[in-house]
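A.B. asks: Sequence and predicted structure below; questions after.
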Amino acid sequence: MKRRLIVLVTGLLASACGQDTGDAQSSADTLTRAQKDSIVATLPIPGASGVGRALEARDRANARTDAHDTIR
């Protein structure tokens, strides 16, 4: 029984990963990747705080890059 469950879950995950949405996005799906990540960062799930810290690190790196770009 346990083996069948593992096979079923693996099959479902493989089929879900194989779907290509391409450019055909619904009008309801208008959030950017950063907006989705910031929503995930606020959820009470394991690893969500790591997503928040990664977003903060990205923002700091972008700020440093902008500062370096303006130096002449």
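C.D. replies: Structure received. Model, not experiment: these values are computed from the prediction.
A.B. asks: next structured bit after the worst-scoring helix or strand of the chain on mean pLDDT?
C.D. replies: The least trusted helix or strand in the chain, going by mean pLDDT, DSSP states H and E, turns out to be helix 2-17, with a mean of 75. Next helix or strand after helix 2-17 toward the C-terminus (DSSP states H and E): helix 33-41.
A.B. asks: For that following helix, buried residues please.
C.D. replies: 37, 41 (16 or more other CB atoms under 10 Å). (C-beta placed from N, C-alpha, C; glycine too.)
A.B. asks: quick one: contacts of that helix?
C.D. replies: 31, 48-49, 51-52, 54-55 (CB atoms under 8 Å, 6 or more residues apart in numbering).
A.B. asks: what about residue 60, helix or strand, and which?
C.D. replies: helix 48-70.
A.B. asks: So what touches that helix?
C.D. replies: Under CB under 8 Å, 6+ apart, the answer for helix 48-70 is 34, 37-38, 40-42.
A.B. asks: Name the residue closest to the centre of the chain, please.
C.D. replies: Central residue check for the chain by CA atoms, centre = their mean: the C-alpha nearest the mean position is that of residue 37, 5.2 Å away.
A.B. asks: how far away is it from residue 4?
C.D. replies: Per CB to CB, to the nearest Å, residue 37 is found 35 Å from residue 4.
A.B. asks: do residue 49 as well
C.D. replies: 36 Å.
A.B. asks: quick one: which of the two has more around it?
C.D. replies: Neighbour count, other CB atoms under 10 Å: between residue 49 and residue 4, residue 49 has more, with 13 against 8.
A.B. asks: Return the mean pLDDT over stretch 40-52, rounded to an integer.
C.D. replies: Across stretch 40-52, pLDDT averages out at 92.
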